[in-house]
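**Student:** Compute the structure for the input listed below.
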Amino acid sequence: MILPGAAPFLLPGGRHGVLLIHGFTGLPAELQLMGQYLNDNGFTVLAVRLAGHGTTEEDMSHMTAEDWMDSVRDGAAILDGLCEEVSVVGHSMGGLFALELASEYPVTRVVTLAAPIFIAKERGIDYLPSRELSDGLFVPKARRRLKDVPRAANHTYRRMPLISVHELLDVIDATKGCIERVYEPCLIMQSRDDQTADPRSAVYIYNHLPGSKKELYWFEHGGHLLPLSEPRETVFRETVRFLKDSASEEKEKA
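**Tutor:** As a prediction, the model looks like this:
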């Protein structure tokens, strides 16, 4: 059974498709406001649901990093059949998958929001048990209820399977291994007060992208949930500006 707001959503629009990827233990509803903004600006939008997310914590505990990446690949294939070009926007772990996708699939542009190459020490990552000891263990996952967001965005897991944290670490390692193959233009957005994705992550991504068309946009305040927190209008506006730059480039080439 899928939780309310956890189903993928498709918003038909123009020839430029945008794949939205939510984060670790998240769900598509967290990107609903962003998706609607993109669609209002002429983009076709597909928000995927990563395998094992938006159902039960037990379901998530049986999924691997490759299962999650397959969900991303499936979404890209669907958009590819609907649109002439595909860009990808990912929040948190979804930002890592956006980079992975760009390393193996011909996307037009990439946007990462608070992608965690380094996990902030506040999350207690240094105390994570070994993979063997983590199997079958769950810990509480606290998050304050957000106001002025879609109701379903608050329907997140209240427990976190520790074995899945090891899968997240595998995603980070995979991203480190492929980022130097990502030549597509990339916009990296990061808040300096993020207590989940260490802000050093944004600098790492910027420095390791080999292409010349890359931007690093800092927020002084905004925390980790950039698609839902106070600076979200700026996040949305800058994303649209960056994605529409690709259309301008195509006109110049023509």
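
**Student:** so where do the strands sit in the stretch 1-150 of the chain?
**Tutor:** Ranges of strands in the stretch 1-150 of the chain, per DSSP state E, counting those that start in this stretch, are 9-11, 16-21, 44-48, 85-91, 110-113, 138-140.

**Student:** how about the ones you listed in CSV, adding mean pLDDT?
**Tutor:** Output for the strands of the stretch 1-150 of the chain, formatted as CSV (pLDDT from 0 to 100):
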stretch, mean pLDDT
strand 9-11, 97
strand 16-21, 98
strand 44-48, 98
strand 85-91, 98
strand 110-113, 98
strand 138-140, 90
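
**Student:** Just send the ones you listed back as TSV, with mean neighbour count and distance to Glu233 too.
**Tutor:** C-beta: built from backbone N, CA, C; applies to glycine. Below are the strands of the stretch 1-150 of the chain laid out as TSV (neighbours: other Cβ atoms under 10 Å; distance: least, Cβ to Cβ, whole Å):
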stretch	mean neighbour count	distance to Glu233
strand 9-11	17	18
strand 16-21	28	17
strand 44-48	25	17
strand 85-91	27	15
strand 110-113	29	14
strand 138-140	13	32
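
**Student:** Which one, of these, ends up nearest to Leu216?
**Tutor:** Among the strands of the stretch 1-150 of the chain, the nearest to Leu216 by Cβ to Cβ is strand 110-113 (10.1 Å).

**Student:** if I pick the residue nearest to Pro4 when sequence neighbours are not counted, what's in contact with it?
**Tutor:** The shortest distance from Pro4 to any non-neighbouring residue, by Cβ to Cβ, 6 or more residues apart in numbering, is to Ala152 (4.9 Å). Residues in contact with Ala152 (Cβ atoms under 8 Å, 6 or more residues apart in numbering) are 3-6, 27, 29, 32.

**Student:** Whichever of those end up buried, select them in ChimeraX.
**Tutor:** Selecting only the buried entries of the contacts of Ala152 in ChimeraX, with 16 or more other Cβ atoms under 10 Å as the criterion:
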select :3,5,6,27,29,32
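
**Student:** before we move on, the earlier item: and the residue nearest to Pro4, how far from Arg237?
**Tutor:** 24 Å (Cβ to Cβ, to the nearest Å).

**Student:** low-confidence ranges in the stretch 51-200 of the chain?
**Tutor:** The model of the stretch 51-200 of the chain has no residue with pLDDT under 70.
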